[in-house]
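Peer 1: no sequence on hand, only this structure:
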């Protein structure tokens with residue numbers, strides 16, 4: 001049994017970045033420094049490996065070769081440190097990129113289990129590639145094991161006739177785009193007092209400081225806010241966000257949007273690029289006027305002046321989002337400021353708020369008067385629950401709604417789920433709308449008396465069952481469609497219509513005189529059921545004349561009701577001169593009428609009756 005050759009080396013590609021977790025077994029699409037780490041795996045044998053000095057590097061003289069298919073590695077100048085000679089070639093015969101490495105220092109002894117690192121620049125994945133991985137072969141032309149203990153150095157490769165050691169291995173590297181360091185050494189704080197007074201209209205000044213919090217003298221911890229004069233939008237920028245809202249609806253906000261949008265904001269070396277104001281948020285974006293480097297310990301100060309708020313006591317966040325900072329991922333910073341006088345519960349009730357009473361057994365207790373909200377809204381990030389009759393006394397009414405000083409509720413929900421609406425005559429009681437379409441109801445006690453339901457907008461009223469498509473539609477012109485959403489007549493039925501027990505149906509009149517009495521037109525599939533047409537073949541000058549129509553065979557039956565004809569010569573006896581006539585047509589085509597005569601036609605006019613196939617069930621041909 002053949003023993004497989006021993007694998008003398010383990011290889012690992014590693015990207016190191018200060019303060020970040022190393023990236024391993026990946027090849028980035030950016031030209032960033034990386035290390036190829038090589039470990040002696042001959043632990044069991046305890047064998048050291050010698051790297052003898054090579055004064056130059058070539059495809060015939062090297063210690064290690066890295067090889068990948070052409071196009072997987074970006075075209076660039078690849079370099080390493082002074083301990084190695086490096087040669088990069090494009091091997092056309094193999095269709096690969098090859099990188100040869102030769103150790104040019106005094107002979108190095110790599111002990112079993114020891115790892116050495118080779119730094120690279122200019123070795124990165126092709127940014128235009130579409131493969132998710134980069135397979136790479138690593139090989140070495142020979143192996144020089146040390147023959148004895150440390151200090152003994154062999155200058156000749158050990159013979160490998162027994163193929164004891166492998167001479168190649170493979171790495172499968174994930175192709176990845178680096179988005180920058182995730183840990184940004186920035187800190188957001190308030191300089192001086194972090195309280196914002198909410199008494200009267202007293203203006204406040206708040207100073208925010210953005211500091212590079214890395215220890216002074218740290219290497220690789222500079223934070224650069226870049227300025228791109230050719231494409232301003234690609235410059236770094238800071239977005240400052242202030243929570244806005246009404247006092248009642250968003251008490252946690254810093255102020256209303258009207259109060260916050262007039263704040264004066266300044267930051268040295270930055271200008272305001274844009275601002276956005278909404279009812280819930282005021283955001284202003286700042287960009288540098290020139291590239292700005294924050295070294296460890298340096299800071300920027302943002303001053304907010306003319307800040308007025310009437311919001312109640314409490315903490316609120318000020319968020320600063322940063323984007324396009326060189327070498328870092330986009331992120332955000334946050335700090336708390338406190339508005340100060342709402343009275344909170346104390347001691348065991350410190351988590352509750354009371355209005356009109358001490359905070360009792362609820363987070364918010366209101367007692368001894370109404371809760372007044374003006375221009376406010378109730379918001380909940382999760383589901384919002386209303387529960388009545390928590391004392392379980394069995395009241396029938398679950399909720400009642402009044403307006404002004406009325407004694408009768410305009411809306412009442414009882415404990416059984418019955419919803420009652422009370423309105424004046426012809427006043428709408430229920431309206432469901434998406435802002436465009438509106439469904440509404442009302443009651444009317446004057447003529448015509450009754451209950452009303454319909455659309456309050458210019459849209460059709462649809463009826464359906466089982467959450468299906470509409471089965472009955474009443475459009476805005478008063479046309480009723482059964483089986484269609486676009487009725488073409490006052491009553492448009494698509495499908496069967498059944499009247500039983502000798503009933504009669506009148507359309508367009510009050511008293512039917514027959515089972516079906518129509519005063520006006522009626523349609524089948526939007527078309528008349530019977531059509532009378534006149535067809536003419538002018539000067540056919542032939543004993544056979546064919547008149548083509550636009551009547552579809554698949555929809556109609558056609559019958560010749562009569563004709564008029566004249567013949568050549570003009571004095572020819574026209575009695576019994578037509579020998580044959582018939583209607584013909586193929587499925588999918590149109591009807592034609594064919595006439596044959598004993599003499600040539602001069603003029604031919606035909607009268608035909610067309611019947612919709614739907615009213616001719618049982619007729620074939």
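Peer 2: That came in fine, so what should we check first? Please read all numbers here as calculations on a predicted model, not as lab measurements.
Peer 1: element containing the closest residue to residue 133 other than its chain neighbours, please.
Peer 2: Closest residue in space to residue 133, ignoring its immediate chain neighbours: residue 172 at 5.4 Å, by C-beta to C-beta, 6 or more residues apart in numbering. All C-beta spots, glycine's among them, are computed from the backbone N, C-alpha and C. Residue 172 belongs to strand 168-176 when elements are defined using DSSP states H and E.
Peer 1: what packs against that strand?
Peer 2: Packed against strand 168-176 by the contact rule (3 or more C-beta pairs under 8 Å, 6 or more residues apart in numbering; DSSP states H and E) you find strand 9-15, strand 26-28, strand 133-139.
Peer 1: so which bits of it are buried?
Peer 2: 169, 171, 173, 175, 176 (16 or more other C-beta atoms under 10 Å).
Peer 1: what sits against the residue nearest to residue 133?
Peer 2: Residues near residue 172 by C-beta atoms under 8 Å, 6 or more residues apart in numbering: 25, 133, 134, 135, 136.
Peer 1: same question for residue 484.
Peer 2: By C-beta under 8 Å, 6+ apart, residue 484 lies in contact with 473, 492, 494.
Peer 1: how many neighbouring residues does the nearest residue to residue 177 once chain neighbours are set aside have?
Peer 2: Closest residue in space to residue 177, ignoring its immediate chain neighbours: residue 29 at 4.8 Å, by C-beta to C-beta, 6+ apart. As a burial measure, residue 29 scores 17 neighbours (other C-beta atoms under 10 Å).
Peer 1: related to what we said a few turns ago, pairing partners for the helix or strand following the strand holding residue 172, with directions?
Peer 2: Counting by DSSP H and E, the next helix or strand C-terminal to strand 168-176 is strand 186-191. Applying DSSP bridges to the sheet, strand 186-191 is found paired with strand 204-212 (antiparallel).
Peer 1: partner residues bridging residue 85?
Peer 2: In beta-bridge terms (that is, DSSP bridges), residue 85 pairs with residue 102.
Peer 1: so what's it up against?
Peer 2: Residue 85 neighbours (C-beta under 8 Å, 6+ apart): 54, 56, 57, 101, 102, 104.
Peer 1: in the stretch 451-600 of the chain, where is pLDDT below threshold?
Peer 2: Residue ranges of the stretch 451-600 of the chain with pLDDT under 70: 497, 501-503, 538-539, 570-576.
Peer 1: which parts of it are strands?
Peer 2: For the stretch 451-600 of the chain, the strands defined by DSSP state E, counting those that start in this stretch occupy 461-463, 472-474, 480-482, 491-493, 505-507, 516-518, 530-538, 544-552, 556-567, 578-584, 590-597.
Peer 1: returning to what we had before: can I get the contacts of residue 484 in CSV including neighbour count?
Peer 2: Putting the contacts of residue 484 into CSV (neighbours: other C-beta atoms under 10 Å) gives the following:
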residue, neighbour count
473, 20
492, 21
494, 15
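Peer 1: which among the contacts of residue 85 end up buried?
Peer 2: 54, 57, 101, 102, 104.
Peer 1: circling back: pairing partners for the strand holding residue 172, with directions?
Peer 2: Strand pairing for strand 168-176, determined by DSSP bridges: strand 26-28 (parallel), strand 133-139 (antiparallel).
Peer 1: out of those, deepest packed?
Peer 2: Highest mean neighbour count among the strands paired with strand 168-176 (mean count of other C-beta atoms under 10 Å): strand 26-28, with a mean of 21.
Peer 1: what is the mean pLDDT for that one?
Peer 2: Computed over strand 26-28, the mean pLDDT rounds to 94.
Peer 1: how far away from the center of its chain is it?
Peer 2: 29 Å (C-alpha atoms, centre = their mean, to the nearest Å).
Peer 1: distance between the ends of stretch 123-131?
Peer 2: One end of stretch 123-131 to the other measures 17 Å (C-alpha to C-alpha, to the nearest Å).
Peer 1: got the contact list for it?
Peer 2: The contact list for stretch 123-131 (C-beta under 8 Å, 6+ apart) reads 27-32, 34, 71-76, 78, 99, 134, 173, 175-177.
Peer 1: which positions in it come out as buried?
Peer 2: Under 16+ other C-beta under 10 Å, the buried positions of stretch 123-131 are 123, 124, 125, 126.
Peer 1: want to throw these into CSV with pLDDT, distance to residue 252 and secondary structure?
Peer 2: Converted to CSV, the buried residues of stretch 123-131 look like this (pLDDT from 0 to 100; distance: C-beta to C-beta, whole Å; DSSP: H, G, I helix; E, B strand; the rest coil):
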residue, pLDDT, distance to residue 252, secondary structure
123, 96, 51, coil
124, 96, 47, coil
125, 95, 47, strand
126, 94, 50, coil
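Peer 1: also compute the angle for the strand holding residue 172 relative to strand 9-15, please.
Peer 2: Here strand 168-176 runs at an angle of 20 degrees relative to strand 9-15 (axes from the mean of the first three to the mean of the last three C-alpha atoms, to 10 degrees).
Peer 1: and strand 168-176, how far from the chain's centre?
Peer 2: The answer for strand 168-176 is 34 Å, by C-alpha atoms, centre = their mean.
Peer 1: now do stretch 172-186
Peer 2: Centre-to-centre, stretch 172-186 and its host chain are 25 Å apart (C-alpha atoms, centre = their mean).
Peer 1: now do the end-to-end distance for it.
Peer 2: 36 Å.
Peer 1: what average pLDDT does it get?
Peer 2: 87.
Peer 1: can you list the domains in this structure?
Peer 2: 9-176, 186-339, 438-518, 530-615 (automatic domain parsing).
Peer 1: so can I have a markdown table of those domains showing distance to residue 397?
Peer 2: Shown next, in a markdown table, are the domains of the chain (distance: least, C-beta to C-beta, whole Å):
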| stretch | distance to residue 397 |
| --- | --- |
| domain 9-176 | 61 |
| domain 186-339 | 27 |
| domain 438-518 | 22 |
| domain 530-615 | 56 |
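Peer 1: is residue 302 in a bridge, and if so with what?
Peer 2: The partner residues for residue 302, given DSSP bridges, come to residue 208, residue 267.
Peer 1: hang on, isn't it packed against residue 265?
Peer 2: Yes. Taking contacts as C-beta atoms under 8 Å, residue 302 lies within contact range of residue 265: 6.6 Å.
Peer 1: contacts only, for residue 451.
Peer 2: 441, 442, 443, 444.
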